[in-house]
Each structure stands twice: as structure tokens, then as C-alpha cells.
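**Student:** Just a sequence and a predicted model for now, questions to come.
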Amino acid sequence: MNAQALIDTARRLVSDDKGLLAMDESNPTCNRRFAQLGIPQTEETRRAYRELIVTTPGLGKYLNGAILYDETIRQRTKDGVSFCDALSGAGIIPGIKVDIGTTDLAGCPGEKITEGLDGLRDRLKEYFQMGARFAKWRAVITIGGDIPSTGCIEANAQALARYAALCQEAGMVPIVEPEVLMDGEHTLQQCAEVTEDVLRIVFKQLHAQRVLVEGMLLKPNMVLSGLACATQATVAAVADATVSCLLRTVPAAVPGITFLSGGQSGELASARLNAMNMRFKSRLPWALAFSFARAVQQPALEIWRGEWANVVAAQQALLHRLRCNHAACRGEYDAARDGPAV
Ligand code: 13P
């Protein structure tokens, strides 16, 4: 393991107030989003959509990295350029999702465990050769009744830590993503308590597996009121609760925290990230940035709808959300005009 190379990559991924784009939807997830908009669900439409993204002019102004999926990393633009090369050419580091999804956790009704450790060492070697320099693994934690259970949190945290150690062995920066879902009636306070527990256990496992925290990134949920909770926390309350939770649990040596959006609208995700940076940036040990999928892509996907004629307009919509989030990383997003403050 070349520790300095890992540290350099991890720092680059969160430098200059830029973020990451998650464009690593598995085929079933991508197909589900296409189906909702009447877009045919084929390998070619998935390729064409990802080509639209990676060929967006100016993408590198707002992104340090983009996360691909196994099918996508093997695909090319219609001009024959691999997506990894297209991204690298735009100054964007290619990354790869390496978990293979979730399944029911035995003995824990309503809870999930993420799979993908078997054979991971060899898959990482192949992805590295293809140009990927960082990876992602997502664990899912649900709040409800008497869950999450300790068994679920610990099993997922251990898998995240084993994945992270394997990534670093392969020279790739692990993005560690424990997602506490926003579905449910839970309050902001309940989300804060669960997220704090989860992050504590995740970092304990990362330490046990000897993961170099300077050479990794954390991709957490923001601390939010459940979607079905009657009282929705304000943007400022979300920012306060999220930053308090992270300060209690994330070592200062971690270079950056790149949030998932988790189903928030593009505007709310930008506003909440902005509030955190506006209020706390100068006092935080790590960069607070974004690694959104839906909150960046959804407007572009709705414009594209699988039509060639809509590509340029969709690319503009994608750039707009990225510009907003770049401003949010500096605490300079203006929610009223949904754009950078002038
Ligand atoms: P969302 O921003 O849509 O939650 O996706 C982020 C992600 O990469 C989930 O693994």
C-alpha cells in the first residue's frame, strides 16, 4: 500500500470546493428510474445516458470525481472513448461502485446487509487497471419500531471496514457509505441518535481493520426528519444536527465528507449543504462536499427522456445543479434564486 498516494487521491477528491457525482446506479436501479419516465431500459440507453453525463462541457469545473458502475466502466462514447478516459480527460478521477447490493439480513426482520466481499480483491485489481482510483460501498440502515438492531449495524460496519481495507491494499481510496434512510416517521433527534451510533461503530471497525483514515472519505446521510414525520426540521436545524453528529464521531484526520442526497430534492440538498458550510466551514477539520446522484441527476434525466434532441438541455440542467452544489461547498448558494450568490 502506498499510503501517500492514497492520501493524495483522497485530498484531491475533496479539493477546491468541488464534489463527486454518483452515476453508479446498478442496472435495476437505473432501469427503475428510466421506467418512471418511459425511457426504454436497455444497455444502449444506459450507455447513451452516461455518455450524456461524461461529455457535458465544463463538468470538471465542479467535479473532482465520478463514480461508475461495472457495466458503465466497460462502456465507451459513440466515438470510442472509454468513460474512464473521458472523465480523466476532463480532470475528473474515475471511481467505481464495488458492492453488489443489499439482501435481507438473516435473523433481523426489516434489515439489510450489503454483499460483495467475495472475490473483491481480484475485482479491485481489474478496476485499478481500467483507471479507477477510488471505490464506493453502500450500507443501508433503516429506522423504525425497534430497528436498527446492533447486529445489523455491526455486520454492515464490519463489511464496510473489510471493503475499505481491501481498497487501500489495491491502491484505491475507499468511500465508506453508511446510509441511514430518510424513509419513516422518525424525528430529527432519532435520526441524529441512530446516525451517531452507526458512525461510532463504523469508525471502530475501520480502526480494527487498520484502515488509514487519511486515505478514505466518508459518505454519510445528512441528519434529517423522517419523510413521514409531521414536523420537518428547518435547514438550519438540519445543518446543526448533522455537523454536531459528525464532530462527535468522525476523526479529524479524515480529509472529507461527501454527502449522499438520499431522495432529497436538488434544491433542499444544496440548501442544507450550504447551511453547513456557511455556518461552520472555517471551524471544521474536514471538507464538507457532495456525492449526490438523484439531487444532481434527476432534473437532467427528466429533460433527456431518452431523446437525442434533449441532450444539450439535459447537460445544462446537470451543470446547473453542479454549479449550485459547488457554491454550497463554499457556503455561497442562494436558495431564493437557486444559484450561486452574486
Ligand atoms: P443519492 O444521492 O441519490 O442518494 O445517491 C447517492 C449514492 O451514491 C447512493 O449510493
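**Tutor:** Structure received. No experiment lies behind these values; they were computed from the predicted model shown.
**Student:** any chance you could map the strands in the chain?
**Tutor:** 19-22, 63-68, 93-97, 102-104, 112-114, 134-141, 173-180, 217-218, 256-259, 287-292, 333-334, 339-340 (DSSP state E).
**Student:** The stretch 101-250 of the chain against the ligand: which residues are in contact?
**Tutor:** 138, 177 (Cβ under 6 Å from any ligand atom). Backbone N, C-alpha and C define where each C-beta goes, glycine included.
**Student:** And the residue of the stretch 101-250 of the chain closest to the ligand?
**Tutor:** Closest to the ligand within the stretch 101-250 of the chain is residue 138: 4.1 Å, counting by Cβ to the nearest ligand atom.
**Student:** What is the burial count for the residue nearest to that residue when sequence neighbours are not counted?
**Tutor:** Excluding the flanking residues, the one nearest residue 138 by Cβ to Cβ, 6 or more residues apart in numbering is residue 177, at 4.3 Å. For residue 177, the neighbour count with other Cβ atoms under 10 Å is 26.
**Student:** swap in the one 4 residues further on?
**Tutor:** Burial of residue 181, expressed as a neighbour count using other Cβ under 10 Å, amounts to 21.
**Student:** before we move on, what about residue 222?
**Tutor:** Other residues close to residue 222 by other Cβ under 10 Å number 25.
**Student:** I am assuming it contacts residue 263, so please confirm or correct that.
**Tutor:** No - using Cβ atoms under 8 Å, residue 222 is not in contact with residue 263; the gap is 11.1 Å.
**Student:** Report the contact partners of the residue nearest to residue 138.
**Tutor:** 136-139, 160, 218-220, 260 (Cβ atoms under 8 Å, 6 or more residues apart in numbering).
**Student:** Give me the pLDDT value at residue 1.
**Tutor:** We have a pLDDT of 71 for residue 1.
**Student:** should've said residue 342
**Tutor:** Looking at residue 342, its pLDDT is 81.
**Student:** go on, residue 22?
**Tutor:** Reported pLDDT for residue 22: 99.
**Student:** Roughly how far does it sit from residue 13?
**Tutor:** Distance, residue 22 to residue 13, by Cβ to Cβ, to the nearest Å: 13 Å.
**Student:** which of these two has more neighbours?
**Tutor:** Shown here are residue 22 and residue 13; by other Cβ under 10 Å, residue 22 has more neighbours (29 against 26).
**Student:** what ranges do the helices span in the chain?
**Tutor:** Remark: helices assigned in the chain by DSSP state H are 3-13, 27-36, 43-54, 70-73, 83-89, 120-130, 150-169, 188-208, 235-249, 266-280, 294-304, 311-329.
**Student:** and the closest residue to the ligand within the stretch 1-150 of the chain, what does it touch?
**Tutor:** Scanning the stretch 1-150 of the chain for the residue nearest the ligand gives residue 22, at 3.3 Å (criterion: Cβ to the nearest ligand atom). For residue 22, the contacting residues are 67, 136, 260, 291-293, by Cβ under 8 Å, 6+ apart.
**Student:** Same check on residue 60?
**Tutor:** Contacts of residue 60 (Cβ under 8 Å, 6+ apart): 90-92.
**Student:** and those residues, which are buried?
**Tutor:** Neighbour-count burial (16 or more other Cβ atoms under 10 Å) is assigned, among those, to 90, 92.
**Student:** Closest one of the contacts of residue 60 to residue 30?
**Tutor:** The shortest approach to residue 30 among the contacts of residue 60 belongs to residue 92, at 19.8 Å (Cβ to Cβ).
**Student:** shouldn't the closest one be in contact with residue 67?
**Tutor:** No - taking contacts as Cβ under 8 Å, residue 92 lies outside contact range of residue 67: 10.6 Å.
**Student:** and residue 266, how many neighbours?
**Tutor:** Each residue near residue 266 was counted by other Cβ under 10 Å, and the total is 22.
**Student:** Please report how far it lies from residue 318.
**Tutor:** Computed as Cβ to Cβ, the residue 266 to residue 318 distance reads 10 Å.
**Student:** Name the residues of stretch 215-228 that are buried.
**Tutor:** 215-226.
**Student:** how long is that stretch end to end?
**Tutor:** Start-to-end span of stretch 215-228 (Cα to Cα, to the nearest Å) is 37 Å.
**Student:** State the mean pLDDT of that stretch.
**Tutor:** In this model, stretch 215-228 carries a mean pLDDT of 99.
**Student:** do the same with stretch 176-194
**Tutor:** Averaged across stretch 176-194, the pLDDT comes to 98.
**Student:** I'd guessed residue 33 sits against residue 304; true?
**Tutor:** No - under the criterion of Cβ under 8 Å, residue 33 makes no contact with residue 304, lying 11.2 Å away.
**Student:** Those two: which is more packed in?
**Tutor:** Set side by side, residue 33 and residue 304 show more neighbours around residue 304, with 26 against 18, by other Cβ under 10 Å.
**Student:** What residues does residue 9 make contact with?
**Tutor:** Counting by Cβ under 8 Å, 6+ apart, residue 9 touches 93, 133-134, 173, 215.
**Student:** Taking the centroid of the chain, which residue is nearest it?
**Tutor:** residue 291 (3.7 Å; Cα atoms, centre = their mean).
**Student:** Compute the distance between that residue and the ligand, please.
**Tutor:** When distance is defined by Cβ to the nearest ligand atom, to the nearest Å, residue 291 is 6 Å away from the ligand.
**Student:** Tell me if I'm right that that residue and residue 23 touch.
**Tutor:** No - counting by Cβ under 8 Å, residue 291 does not reach residue 23; the two are 10.5 Å apart.
**Student:** Before I go, just wanted to say thanks for your time.
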